[in-house]
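# Next one to model:
(chains A, B and C)
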Amino acid sequence: MIKWLETNTPKLVLAPSFVAVLIFVYGFIAWTAWVSLTRSRLLPKYEIDGLIQYDRLFASPRWDTAFNNLFLFGFLFITIAMILGLSLAILLDQNIRTEGAIRTIYLYPMALSMIVTGTAWKWILNPGLGLEATVRGWGFEDFTFDWLINPDMAIYTVVIAAIWQSSGFVMALFLAGLRSVDQEIIKAAQVDGIPTWRVYTAIIIPSMAPIFLSAFIVLSHIAIKSFDLVIALTGGGPGYATDLPATYMYTMAFSRGDIGQAASSAMIMMMVVFAIIVPYLYSELRSKDD
Amino acid sequence: MTNVSYTSSGSGKNTTKIALRWGLYIMLGLFALFYLLPLFVMVTTSFKSLDEIRTGDLISLPREVTFDAWRTAWSEACTGIQCQGVRPYFWNSVMIAIPAVLISTLIGAMNGYVVAQWRFKGANLFFALMLFGCFIPFQVVLLPMARMLGLMGLAGTIPGLIFVHVIYGLGFTTLFFRNYYVSIPDELTKAAKVDGAGFFRIFWSIFLPLSLPIIVVTIIWQFTQIWNDFLFGVSFSQAGTQPVTVALNNIVNSTTGVKAYNVDMAAAIIAALPTLFVYVIAGNYFVRGLTAGSVKG
Amino acid sequence: MAPILEINNLFKNYGSVEILKDINVAIEQGDFLVLVGPSGCGKSTLLNCIAGLEPITSGEMAIGGQDMVNVSPKDRDIAMVFQSYALYPTMTVAKNITFGMKVRGIDPAIQKEKLDYVSQQLQIGPLLNRKPGQLSGGQRQRVAMGRALVRDPKLFLFDEPLSNLDAKLRVEMRTEIKALHQRLGASMVYVTHDQIEAMTLATKIVVMKGGVIQQIGTPAEIYNRPANLFVADFMGSPAMNLIPAKTRTNGQELQIEIARKDSEPIILTDTRNQNLPEDVIIGVRPEDIADATVARVGETQEADCVIDIVEPAGADTFAVMQLGGKHVTARLHAETTAVAGAAQRLAFDLGKVSYFEPETGLRLN
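Below is the predicted model:
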């Protein structure tokens, strides 16, 4: 008995977490998947009824907006944050004396809640009293900056706020990547007389491919989960112009009482995440086993 | 330091070099302004009176510093029908975050220790399952979790929120500790086994004393995540148990009365202070957590 | 008296991969057993099995006459020194050494006494309050030894303990371990990939390859009578010359013909060995090929050989030539007259010659 305990202690320690993960992650995903195939509305039903919820979902103009917004927002957010992050990292990599302080300033938004970020930007972008009013007050009477209340432009305010929050983090990732490049290669290039910019474009940046991948994974993860920011900044409005799948799901689940729609939209979100994460995790775990 | 420094020579090139240097600093400074401006606006707005906000501009300093907005935000502002400010919700957040952080860190440390040092058949599968759990969009578990909390009698309670945060924090805490412990040679465990120490003794006497840096990283990461959480807070709380992020959103988006931007900003700063404070005193650990959470293995 | 360590028919698999195949070894009290072989030969796995850190798949193992198969490491009465030393980083040297006693609940006064004894034995007294991070490689090594010594176990296990030291320190510590063994009269099992360590330390050597024991014997047996081509090639530096040759029986004599490029074959005669197949590989140690001009004991046969390369190594000079299509090394006197490109008269001593079957690689004589 004691011998059995001795050899199985590690498994026993892991067991509660294992059970928890099985139930609360995989069991719950299965539950949601199941319910997404039923006619559930206010209360869950458990008779499978095909893809009716998904048909409803893709017939809904609101979901259409939310889904398109995800790709528009995701594309702009990821692209700009990566470019900005990489540029800042390279600028900071030039033996800047105040690097520590500057890095701290660039990165602090990442410590804030997206609700705080949304609240701040909502005030700044507010056309009546914010940036627009301020610039007008400086004498530019015709200046308009009403993206926040313009259904066609409001999604871009979400992009701005999200970039403001996350680009410093991308910079930190890239900076760590720049610092981990083999110094001897750089020295060799310098001895060969290769100009600094070529050292970056031809040697350092290509060797950071894994960092690009990591940054992409993290940013797309943030983009897909983005919920707080939209709630605080635009509330999904004007109308439902800035809805994302995350806000759509929440509205269906907790305001409209449409469990079927909530479940099917959540499953779509999950499939998008899977499409990005699974190949990544697979390659990560594979390469570790070798 | 990547140290791709300029090694050009000659006085003609020196001028270019100095100009480049200045350009560099100006660029960096402009970006610093971009990141600082919202914080600056928040702080100045929170010290202005509503009249000054309506007449003045966004980035001017307050003509007259007033703490009224802070007082209101802390103890008087209305979140829906309640008008107690963010104070009770701030304490809710504290009561959720502290136990959830400690429990998830402790379990994560044990899990990481097992996965990294007591490898057995299936341990890697377990780790892969956990890792995967870090990445799911939580929307996919919201509905069943709401029902489960109801069944457990924890719906709308603070213990319920602690439970949710512990469960969904385990993936990351396990990952942090596993990646830290996996770099410790397994000969250490072997030596301790030969010395007669058992599973818990080895953890307690050898691994835990080694773990201070990763404990700090994990605590900071978990605290930031849990304090800043909105999704679980808004989904699984009720009127008296909401965390501060939910209360802040309710204050800002409450449709009753005049829009008091100064109060909104003061409330936002209050909600942000704990994590900002942690960031300022332990920034390096914060960054390590962020990068550890994204660059695996 | 029962052997201090006895292993019978031990097998060890990882899944379907066989790591150790039918291991049979026994040592007596006071033996110094060295497990030697190239990396991946299973020697460290075997040591871990002896320690109880790895379960065995089948077979028997006894320490001090007691069955150990299902006994956990702490109850095997062993102590182990690891390659990375595995010192507990957060504990001082003193705590590192006494940790095992503390875990076992030994009286602090006795702990103190044993610590004093060990630190005196290993001269680590001044280091006792330091952390492992503040020690040099050699000091860490000593502490790791101290942690093992303080246990006073039935059996000491060493897993490549010197491989992380620089060359000079390695030789010093080797001598010290040997002295320690002689002073304590303790039984030791020692894993290394370094055949010189094996030769100098062991009273008994186990040569392993691919999870299979190739030969067990005293250092002299292993060196002089290698059981197969692998052992012949692996043990000794420079390695034994393994030269393909043809044999011909001529009355009471065996004639050995070694082909050469661009000149007549060398014919050597062996009066003691008979009944060899026609194709053999003959194994000659470099020291059994010497300058013919220098007087030598024993029976030698001379031949002129064209030297390709001359490598002075201080005490000796190595000369490399082509015989039987192989590079053959001769260990010559430091003041040899051999010059690269020129012929040199060499004396071959077949007193300790080995013959191997080319197909199976097994020893023939």
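
# Name the surrounding residues that touch the top helix by length along chain C.
Counting residues, the longest helix found in chain C (DSSP state H) is helix C:167-184. Helix C:167-184 has contacts (C-beta atoms under 8 Å, 6 or more residues apart in numbering or on different chains) with C:32, C:121, C:137-138, C:141, C:145, C:149, C:158, C:161-162, C:165, C:186, C:188, C:197, C:200-201. The way it works is simple: take the backbone N, C-alpha and C, and place the C-beta from them, glycine included.

# just stretch C:292-310 next, same as before
Contacts of stretch C:292-310 (C-beta under 8 Å, 6+ apart): C:263, C:266, C:268-269, C:290, C:317-323, C:327, C:333, C:336-351.

# tell me which residues in that stretch are buried?
C:292, C:300-301, C:303, C:305, C:307, C:310 (16 or more other C-beta atoms under 10 Å in any protein chain shown).

# Among those residues, which are located in strands?
Mapping the buried residues of stretch C:292-310 onto strands (DSSP state E) picks out C:300-301, C:303, C:305, C:310.

# Just the contacts of helix C:167-184: which are in strands?
In strands, judged by DSSP E, the following of the contacts of helix C:167-184 are found: C:32, C:158, C:188.

# Near the last one, how many other residues are there?
Neighbours of residue C:188 under the rule other C-beta atoms under 10 Å in any protein chain shown: 26.

# are any of the contacts of stretch C:292-310 buried, and which?
The neighbour-count criterion (16+ other C-beta under 10 Å) marks C:266, C:268, C:290, C:317-323, C:336, C:338, C:344, C:346-350 among the contacts of stretch C:292-310 as buried.

# Nearest to chain C: which residue in chain A?
Taking C-beta to the nearest C-beta, chain C has its nearest neighbour within chain A at residue A:6, 6.4 Å off.

# Apart from its chain neighbours, what residue comes closest to the spatially most central residue of chain B?
Chain B has residue B:224 as the residue nearest its centroid, 1.5 Å off, counting by C-alpha atoms, centre = their mean. Excluding the flanking residues, the one nearest residue B:224 by C-beta to C-beta, 6 or more residues apart in numbering or on different chains is residue B:275, at 5.2 Å.

# Pull up the residues of chain A that are close to chain C.
Contact residues, chain A versus chain C (C-beta under 8 Å from any C-beta of the partner chain): A:3, A:6.

# now the helices for chain A?
For chain A, helices defined by DSSP H occupy the ranges A:2-21, A:28-35, A:52-59, A:61-92, A:99-107, A:114-124, A:131-137, A:154-179, A:183-191, A:196-198, A:209-225, A:228-233, A:245-250, A:259-289.

# Who are the packing partners of the third one?
Using 3 or more C-beta pairs under 8 Å, 6 or more residues apart in numbering or on different chains; DSSP states H and E as the contact criterion, the elements in contact with helix A:52-59 are helix A:259-289.

# before we move on, the earlier item: ok, so of the ones in strands among the buried residues of stretch C:292-310, who is nearest chain B?
residue C:310 (44.3 Å).

# for that closest one, which residues make a bridge with it?
Beta-bridge partners for residue C:310, by DSSP bridges, are residue C:319.

# how about the residue nearest to residue C:58 when sequence neighbours are not counted, secondary structure?
With C-beta to C-beta, 6+ apart as the criterion, residue C:58 has its nearest non-adjacent residue at 4.7 Å, and that residue is residue C:11. The assignment at residue C:11 comes out as strand when based on DSSP: H, G, I helix; E, B strand; the rest coil.

# Of all the helices of chain A, which one comes closest to residue B:167?
Residue B:167 sits nearest to helix A:2-21 of all the helices of chain A, at 5.6 Å, using C-beta to C-beta.

# related to what we said a few turns ago, pretty sure the residue nearest to residue B:224 is touching residue B:223, no?
Yes - Residue B:275 lies in contact with residue B:223 (C-beta atoms under 8 Å); the separation is 7.2 Å.

# So between those two, which is more surrounded?
residue B:275 (24 against 21).

# so what's the more buried one up against?
Applying C-beta under 8 Å, 6+ apart, the residues contacting residue B:275 are A:111-113, B:223-224, B:227-228.

# Max pairwise distance over the residues you listed: which two?
A:112 and B:223 (13.3 Å).

# Do you know the pLDDT at the spatially most central residue of chain A?
By C-alpha atoms, centre = their mean, chain A has its centre lying nearest to residue A:222, at 1.4 Å. Note for residue A:222: predicted pLDDT of 84.

# and if you look at residue B:161?
For residue B:161, the model assigns a pLDDT of 94.

# roughly how far is stretch A:240-250 from the heart of the chain?
Put simply, stretch A:240-250 sits 15 Å off its chain's centre (C-alpha atoms, centre = their mean, to the nearest Å).

# Is any residue of it near chain B?
Yes - contact of stretch A:240-250 with chain B (C-beta under 8 Å from any C-beta) involves A:245-246, A:249-250.

# Which of those ranks first by neighbour count?
Counting by other C-beta under 10 Å, top hit in the residues of stretch A:240-250 next to chain B: residue A:249 with 29 neighbours.

# Stretch C:60-75: end-to-end distance?
17 Å (C-alpha to C-alpha, to the nearest Å).

# Can it be said to contact chain B?
Yes - residues of stretch C:60-75 are located near chain B by C-beta under 8 Å from any C-beta, namely C:72-74.

# Nearest to chain B among those?
For the residues of stretch C:60-75 next to chain B, the minimum distance to chain B (C-beta to the nearest C-beta) is 3.7 Å, reached by residue C:74.

# I'd say the closest one and residue B:194 touch.
Yes - contact criterion C-beta under 8 Å: residue C:74 and residue B:194 qualify, at 6.9 Å.

# quick one: which of these two has more around it?
Between residue C:74 and residue B:194, counted using other C-beta under 10 Å, the more crowded position is residue B:194 (27 against 19).

# okay, the helix or strand harbouring residue B:227 in CSV with CA atoms only?
Using DSSP states H and E, residue B:227 falls within helix B:212-228. Taking Å, rounded to 0.1, in the frame of the first residue of the first chain, the C-alpha atoms of helix B:212-228 are listed here in CSV:
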residue,chain,number,x,y,z
LEU,B,212,11.2,32.3,-6.4
PRO,B,213,11.5,34.0,-9.8
ILE,B,214,8.9,31.8,-11.4
ILE,B,215,6.6,32.2,-8.5
VAL,B,216,6.8,36.0,-8.8
VAL,B,217,6.3,35.8,-12.6
THR,B,218,3.3,33.5,-12.1
ILE,B,219,1.7,35.5,-9.4
ILE,B,220,2.0,38.7,-11.4
TRP,B,221,0.6,37.1,-14.5
GLN,B,222,-2.3,35.6,-12.7
PHE,B,223,-3.0,38.7,-10.7
THR,B,224,-3.0,40.8,-13.9
GLN,B,225,-5.3,38.4,-15.7
ILE,B,226,-7.7,38.0,-12.9
TRP,B,227,-7.9,41.6,-11.8
ASN,B,228,-8.4,42.8,-15.4
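
# Which other helices and strands does that helix contact?
Using 3+ C-beta pairs under 8 Å, 6+ apart, helix B:212-228 sits against helix A:114-124, helix B:87-117, helix B:158-181, helix B:244-253, helix B:261-281, helix B:283-294.

# ranking those by mean pLDDT, which is last?
Least confident of the helices and strands packed on helix B:212-228, judged by mean pLDDT, is helix B:283-294 with a mean of 70.

# roughly how far apart are the residue nearest to residue C:302 when sequence neighbours are not counted and residue A:42?
Once flanking residues are discounted, residue C:302 sits nearest to residue C:292: 4.6 Å by C-beta to C-beta, 6+ apart. Residue C:292 sits 106 Å away from residue A:42, going by C-beta to C-beta, to the nearest Å.

# one step back: closest to residue A:100 out of the buried residues of stretch C:292-310?
residue C:310 (60.7 Å).

# Could you report the pLDDT at that closest one?
92.

# For residue B:265, see how far away it is.
Distance from residue C:310 to residue B:265, by C-beta to C-beta: 87 Å.
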